[in-house]
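# Just need the structure, nothing else, for what follows:
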Amino acid sequence: MAFQDLLDQVGGLGRFQVLQMVFLCISSLIVYPHIILENFTAAIPGHHCRIHILDNDTDSADSTEALSQEALLRISIPLDSNLRPEKCHRFLHPQWQLLHLNGTFPNMTNLDTEPCVDGWVYDRSSFSSTIVTEWDLVCESQSLKSMTKFLFMAGMLVGSIIYGHLSDRWLAESARWLIITNKPEEGLKELRKAAHRNGRKNAEATLNMEVVKSILQEELEAAQTKTSVFDLFRTPNLRKRICLLSFVRFANYMSFFGLILHLQYVGGNVFLFQVIFGAVNLPANCVAFLALNRLGRRVSQSFFMFLLGISILATTFVPQEMQTLRVALSSLGVAVASMALMCSFAHGNELVPTIIRVTASGFMGIAANVGAALSPLLMILTVYSPHLPWIIYGVCSILAGLVVSILPETRNKPLPDSIQDVEKERKSSRKAKQEDTFMKVTQF
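Next comes the predicted model:
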């Protein structure tokens, strides 16, 4: 709690901290619309095979001009299981006998069909143009649409790695991290800057190098050892935490982006769904904030991950006709995914020692972006079963909820400053369990 004393001198939550949060929110507002844009630029409009007798310049135009378009579609394109025109096949020859069925639907499995060799006709009432209509990413080429989303998310993964090193430090560095990483002068400068912006005019007299060194003497001694990403896996307890936290972040991002990137799988009106999904995020974060303070990090995160998995699995098996229920369940899924993400960030930062927290956050961020990149790629599995990707999303979320229960609770506990603190915590926890067992055995 030594560093907390320094924070009290500069102002724990003042104008300086509020400005940092505002800047971060602005950057998030800029990035997020680019991600959800895929729901509109890669939307799949209604479509069916292009047929010759509907073209005005065909030889058969005179003989078919008296027939309606519906009638022409009936004799040219077979019906699917929902009695709608097939999207990927057409009759090899016009089936004129289908004009006189008077509402009956005979067995069409014996009629010869062929793929859409002349292309497709798209319904442009909602989307005038998308990458699907431009490049015909339907039927046999539908998996390429998932690949475009995967490449976009993979670009985010690569960008997070590269530009994490190249970005200008327009946000203030963590003073605690600067001091712990053997940069006390820079850390002191940031503390004074925060104190000045928070209106602490007398901070110059109390904040000096002697005060910093006396308060953080133990941490400064530990900072003499250089750390790298390999230090995340050298000690058993920290290695366990990083692996578990990375899996939780991976599963959380995969499920979250699986929901927000595939609105058309929930229902037809993607514009309405986008508004609803965006609206539930703010109250969801408020609920997560209350849960973190009341229930703790571990219980809250585990509960939200379980609820996320259940809502995804429930949505998967609700029929398409029950649109209201599907929207309600998927909105719940987006809300609890946001709650789980907030809990994951807080819990993850509090479980990792300060001296290597930035490195650990970067590693867990990579795991998260891998999950985000895989979320659209899993949609290729719909060729085997339309439910398979969603089952994977749901099951992974439930597994992540179980994994969170293995991690220790961090609410109202001091942050670990060094790797040794994490390992000492493990030893003290084991010792406390042994003593508790001894007390129970010798009680009688």
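
# My read is that residue 248 contacts residue 400, right?
Yes. Between residue 248 and residue 400 there is a contact under CB atoms under 8 Å: 4.6 Å. Placement of C-beta: from N, CA and C, glycine included.

# Give me the common contacts of those two.
residue 305 (CB atoms under 8 Å, 6 or more residues apart in numbering).

# Hmm, residue 74 is touching residue 97, no?
No. Using CB under 8 Å, residue 74 makes no contact with residue 97, being 10.5 Å away.

# between the two, who's got more neighbours?
The neighbour comparison of residue 74 against residue 97 (other CB atoms under 10 Å) goes to residue 74, with 21 against 10.

# Excluding sequence neighbours, find me the nearest residue to that one.
Distances taken as CB to CB, 6 or more residues apart in numbering place residue 98 nearest to residue 74, at 5.2 Å, with adjacent residues excluded.

# Buried residues of the helix or strand hosting residue 240, list them for me.
In this assignment (DSSP states H and E), residue 240 forms part of helix 236-260. Neighbour-count burial for helix 236-260 flags 237-238, 241-242, 244-260 (criterion: 16 or more other CB atoms under 10 Å).

# ok, now stretch 76-84?
Buried, per 16+ other CB under 10 Å, within stretch 76-84: 76-78.

# what's the answer for stretch 258-270, then?
Neighbour-count burial for stretch 258-270 flags 258-263, 265-267, 270 (criterion: 16+ other CB under 10 Å).

# any idea which of those residues is least confident?
Within the buried residues of stretch 258-270, pLDDT reaches its minimum at residue 267, with 72.

# SS state for that residue?
coil (DSSP: H, G, I helix; E, B strand; the rest coil).

# surely it meets residue 273?
Yes. If you go by CB under 8 Å, residue 267 and residue 273 touch, sitting 6.4 Å apart.

# Okay, helices next: where are they in the stretch 151-300 of the chain?
175-180, 184-197, 203-206, 209-215, 217-222, 236-260, 270-279, 281-294, 297-316 (DSSP state H, counting those that start in this stretch).

# Could you save the ones you listed as JSON lines and add columns showing distance to residue 346?
Listed next are these as JSON lines, based on distance: least, CB to CB, whole Å:
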{"stretch": "helix 175-180", "distance to residue 346": "16"}
{"stretch": "helix 184-197", "distance to residue 346": "21"}
{"stretch": "helix 203-206", "distance to residue 346": "28"}
{"stretch": "helix 209-215", "distance to residue 346": "25"}
{"stretch": "helix 217-222", "distance to residue 346": "22"}
{"stretch": "helix 236-260", "distance to residue 346": "12"}
{"stretch": "helix 270-279", "distance to residue 346": "23"}
{"stretch": "helix 281-294", "distance to residue 346": "6"}
{"stretch": "helix 297-316", "distance to residue 346": "6"}
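
# Compare those and say which comes out lowest on pLDDT.
In terms of average pLDDT, helix 217-222 trails the rest of the helices of the stretch 151-300 of the chain, at a mean of 63.

# what separates residue 76 from residue 115, distance-wise?
14 Å (CB to CB, to the nearest Å).

# Quick check: neighbours shared by these two?
Common contact partners of residue 76 and residue 115 (CB under 8 Å, 6+ apart): residue 49.

# sorry, back to before: who touches both of residue 267 and residue 273?
By CB under 8 Å, 6+ apart, the residues touching both residue 267 and residue 273 are residue 327.

# What distance do you get for the spatially most central residue of the chain to residue 304?
Central residue of the chain (CA atoms, centre = their mean): residue 253, 3.0 Å from the mean position. Per CB to CB, residue 253 is found 14 Å from residue 304.

# ok, so what distance separates residue 310 from residue 337?
12 Å.

# Please identify which of the two sits among more neighbours.
residue 337 (30 against 18).

# Isn't that one up against residue 308?
Yes. Using CB under 8 Å, residue 337 is in contact with residue 308, at 5.2 Å.

# residues shared between the contacts of those two?
252, 255.

# Contact partners for residue 421?
The contact partners of residue 421, by CB under 8 Å, 6+ apart, come to residue 353.

# Can you tell me the SS state at it?
Going by three-state DSSP: residue 421 is helix.

# tell me the mean pLDDT over stretch 35-43?
On average, stretch 35-43 scores 84.

# Tell me how far it lies from the chain's centre.
Stretch 35-43 sits 15 Å away from the centroid of its parent chain (CA atoms, centre = their mean, to the nearest Å).

# Residue 87 belongs to a strand, doesn't it?
No. Counting by three-state DSSP, residue 87 is not found in a strand; it is coil.

# Please verify my assumption that it contacts residue 136.
No. Here residue 87 lies out of contact with residue 136, judged by CB under 8 Å, at a distance of 11.8 Å.

# Find residues that contact each of the two.
Common contacts of residue 87 and residue 136 (CB under 8 Å, 6+ apart): residue 120.

# chain center to whichever helix in the chain runs longest, what's the gap?
Identified as the longest helix of the chain according to DSSP state H is helix 323-351. Mean-position distance between helix 323-351 and its chain equals 9 Å (CA atoms, centre = their mean).

# how many other residues sit next to residue 285?
Counted by other CB under 10 Å, the residues lying close to residue 285 total 15.
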